[in-house]
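# Let me see the structure of the following:
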Amino acid sequence: MKKYPGLFGLAAVSLVCLLALTACSSGSPTVRYVTVSPQTATININDTQSFAAQAFYSDGSTKDVTTLASWASSNTSVASITPAGVATGVTAGTSTISATYLGASASGTLTVNQPFTSIAVACTPASVAAGLPSNCKATGTPGSVDVTTQVSWTSGTPTVATIPPTASASPNVATTLIPGTTMISATLGALTSNNFSLTVTTHVVNGLAVTPVNPTAAKGTTVPLAALEKFTDGATGPLTGPVNWQSGTATVATVVATATNGSAVASVVASTGSATITATEGSFTGTSTITAAVPVAHYAYVSNINDSTISAYTVAAANGTLTPFTGSPFSAQVPLQALVHPSGKYLYTISTSGASTTSAYTLDILDPATGIPSTPTTTPPAGFSFSPVVGTGAYNKAVFDPTGQFLYVLDLGGTVAGFTINQADGSISTAAINTLPTGDNPVDILVAKNATGTYLYVVNQGLGTAGSQASVSAYSIDATGNLTALNSGNPYNNGVTDVTSLANYGTVDPNNAYLYVTNGTTDNSITVFTIKSDGTLQAITGSPFSVSGATNLVSVAVDPTDKYLYVADSPGSGNGNVYAFNVVTGGGIGTAITGSPFAVGPNPFGIAIDPSGTFLAVVNTDDTTSTISQFKLAPATGALTAPASPATPTVDAGNDALFITFWVGP
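Residues are numbered from 1 along each chain as shown. This is a model prediction of the structure:
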């Protein structure tokens, strides 16, 4: 039977230990931990490295236990270790060297390198076009070890090619600059590599550069584009082959090539979104992304015949006001009309040069930030001019096609002609593309574009006889700007009740679906045509629409939302009026807008609405000082009100002002 010590015996032992505590805990100190040194070391193959182990005891003492510890190498194929802590390099690599003593362990890291007798440098490709990289690599022998990141690099002729002195990765990339030869070399410690001959050849084409680069443009405007060959060194040069253009998002911007190879025009057809325009020449491409923006009228220009000037204004559409530029009006050659190119780069005037000729003058708008025009200083190319003769009569009017490639000018003598516009400088071809007859006494010219094509319309005033009534001539415009008469060249009759009534001016609605034409004394009506998909016209039911109370309807405008129509009435003496109507489904003229007619100055002539649909301006013609009536337009109702004080209802223009046009941008 097993016996247990009694309680008395246990208590006695405890008492003895309590009384002689020192004696009970006076055993040998224990090992707390050990350390290995060095913590890291690097040797070559076949070289040795001594490690030491140190023990730390519970009583604070230390002891060298190098020869007492158990040593081990985690990778014996890289390094071996003796019981005395001496490691020997076997092959290149890394091993963990550990020491264990009385249950405590520690370790260090040993890196074994291949001892090199030489290093060699090579670059691929050895011959490379300027601007392209060459990949350089350094190799150690023996062992064919990649030492690209361990060496120091040098280019003998850094103007030909440069190479980073240290490499973060292999290979090290040499940057080529100009044609020539340079020696690429490297050093590692006392070793110096060979001199590798890197040849840099002339740059080569590797893509196309498209300008402008990623522009922002407003809906309804254009962006002239140009492509050049782009070389490997970043330089650009002329094209060597034909270029094709494409829009990645035609619902935002469409693109067409121009007559000059490598040039194109993008038409912005949306107020939001972006379209990547791609130019392709063989296997080379280039892109530019157009960002569409809401159109805003920044500036306005008015032609003044009698004092041969152009009045210029900044536009505050929300306030319904114009503010004259400092230095306005600007000199011009007897301007009948001012036109802003769809790109916003150029301002044109259609000017009478005498009783029998009319010219088109180009004025550069140098800075969209200011809108100030100035005379071109460049020399136009052969066949182009900044002031070509475009008509034979004393009165002309003109319009651009939607791409801004062509300018169409009518002649009061009864013709219409198209001219090519050089997109690079705005100059106009001296020779017409073609010239076609119009009806009698053409006074206005308009353009419409639909999914099928682009069409041009000429409003013919007529001779006020049964055989020559007010009418509209229609034409198609092809890709080269050539005009073809529609309806077998027979003008569309305005349908006036009084055959002696003469047509005046017209407008195309914002959706390019309807054409509106004013008919003056004594009919005082508005003819409304549907623009069919093929460009032909058809008067809508109820056309022409009479305007009760009017005495001589002159010009007409439709707001950008296609909801309201405004027509200027010029009585010949005293102040005139603007009649305002709602536009109904199908293009018809509906009920009058509350407050219509709205009083303007004497002899109202030109009328225009800014693209935001919040500002309407009417030019009141006077042989001395003409004025411009300013209105705030309420988009919700179409009503017109005078601008708020301190603005005035009118602003001055020059002598015998006629038309007003806006510079539109983002």
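# got the residue ranges for the helices in this protein?
Taking DSSP state H as the criterion, the chain carries its helices at 7-19, 21-24.
# State the mean pLDDT of the longest one.
Per-residue pLDDT values across helix 7-19 average out to 35.
# shift numbering so it begins at 33
Got it, first residue is 33 now, which makes that one helix 39-51.
# Quick check, Val441 in contact with Ala430.
Yes: Val441 lies in contact with Ala430 (CB atoms under 8 Å); the separation is 4.4 Å. Yep, even glycine has a C-beta here, placed from its N, CA and C like the rest.
# State the number of residues packed around Ala456.
Other residues lying near Ala456 total 16 when counted by other CB atoms under 10 Å.
# quick one on the thing from earlier: common neighbours of Val441 and Ala430, please.
Ile382, Ala392, Val422, Ile477 (CB atoms under 8 Å, 6 or more residues apart in numbering).
# Identify the bridge partners of the second one.
It refers to Ala392. Ile382 (DSSP bridges).
# Quick check, pLDDT for Thr389.
The predicted local confidence for Thr389 is 65.
# for Asn338, that is, sorry about that
89.
# Could you check how many residues crowd around it?
For Asn338, the count of nearby residues is 15 (other CB under 10 Å).
# wait, Asp457 sits on Pro412?
Yes: the criterion here is CB under 8 Å, and Asp457 meets it with Pro412 at 5.9 Å.
# which residues of the stretch 383-532 of the chain score low on pLDDT?
385-389, 426 (pLDDT under 70).
# what bridges to Thr213?
Thr231.
# typo on my end, it should be Val560
Going by DSSP bridges, Val560 forms beta bridges with Tyr548.
# try Thr312
With DSSP bridges as the rule, Thr312 is bridged to Asn276, Thr317.
# Show the contacting residues for it.
Counting by CB under 8 Å, 6+ apart, Thr312 makes contact with Leu240, Val275, Asn276, Trp277, Gln278.
# So for the third one, what pLDDT did the model give?
Here, the pLDDT recorded for Asn276 equals 96.
# who touches it in this structure?
Contacts of Asn276 (CB under 8 Å, 6+ apart): Ala289, Ala311, Thr312, Glu313.
# so what's the nearest residue to Ser533 once chain neighbours are set aside scoring on pLDDT?
Using CB to CB, 6 or more residues apart in numbering and skipping the chain neighbours, the partner closest in space to Ser533 is Asp555 (3.5 Å). We have a pLDDT of 95 for Asp555.
# Run a quick neighbour tally on Asp555.
Neighbour tally, Asp555, other CB under 10 Å: 26.
# Tell me, domain by domain, which residues of the protein belong where.
As recorded under automatic domain parsing, the domains making up the chain are 60-145, 150-233, 237-316.
# before we move on, back to that, Val334: which of the contacts of Thr312 is nearest?
Proximity of the contacts of Thr312 to Val334 (CB to CB) peaks at Trp277, which lies at 36.2 Å.
# Report the beta-bridge partner residues of the closest residue to that closest one other than its chain neighbours.
Using CB to CB, 6+ apart and skipping residues adjacent in sequence, the residue nearest Trp277 is Ala296, 4.4 Å away. For Ala296, the beta-bridge partners under DSSP bridges are Leu257, Ala289.
# Now for Ala296: which residues touch it?
Going by CB under 8 Å, 6+ apart, Ala296 touches Pro256, Leu257, Ala258, Ala259, Val275, Trp277, Val287, Val288, Ala289, Thr290, Ile309, Ala311.
# are any of those buried, and which?
Pro256, Leu257, Ala258, Ala259, Val275, Trp277, Val287, Val288, Ala289, Thr290, Ile309, Ala311 (16 or more other CB atoms under 10 Å).
# Look up how far Val297 lies from the first one.
Per CB to CB, to the nearest Å, Pro256 is found 6 Å from Val297.
# can you check Ala154 too?
51 Å.
# quick one: which of these two has more around it?
Regarding Ala154 and Val297, a neighbour count based on other CB under 10 Å identifies Val297 as having more, with 23 against 17.
# Excluding chain neighbours, what is closest to the more buried one?
Thr435 (4.5 Å).
# If you tally nearby residues, what's the number for that neighbour?
Once other CB under 10 Å is used to define contacts, Thr435 is seen to have 25 neighbours.
# cool, Ala201 as well?
Using other CB under 10 Å, Ala201 has 8 neighbouring residues.
# what residues are up against it?
Thr180, Thr181.
# Equivalent analysis for the one 3 residues further on, please.
When the contact criterion is CB under 8 Å, 6+ apart, the partners of Asn204 are Asn167, Cys168, Lys169, Ala170, Thr180, Thr181, Trp185, Ile195, Pro196.
# Need the pLDDT of it.
98.
# so what's it bridging to?
Under the criterion used (DSSP bridges), Asn204 bridges to Cys168.
# quick revisit: could you single out the nearest of the contacts of Thr312 to Val531?
Of all the contacts of Thr312, Trp277 has the smallest distance to Val531: 49.5 Å, by CB to CB.
# burial count for Cys168?
26.
# An error on my part: the question was meant for Thr108.
Neighbour tally, Thr108, other CB under 10 Å: 11.
# what do you get for Ser130?
20.
# Just list the residues touching it, thanks.
Contacts of Ser130 by CB under 8 Å, 6+ apart are Val68, Trp103, Ala104, Ser106, Ser137, Ala138, Ser139, Gly140.
# tell me the contacts of the residue nearest to Ala285 when sequence neighbours are not counted?
What sits nearest to Ala285 in space, not counting adjacent residues and going by CB to CB, 6+ apart, is Ala307, at 3.9 Å. Listed by CB under 8 Å, 6+ apart, the contact partners of Ala307 are Ser279, Gly280, Thr281, Ala282, Val284, Ala285, Ala298, Thr321, Ile322, Ala324.
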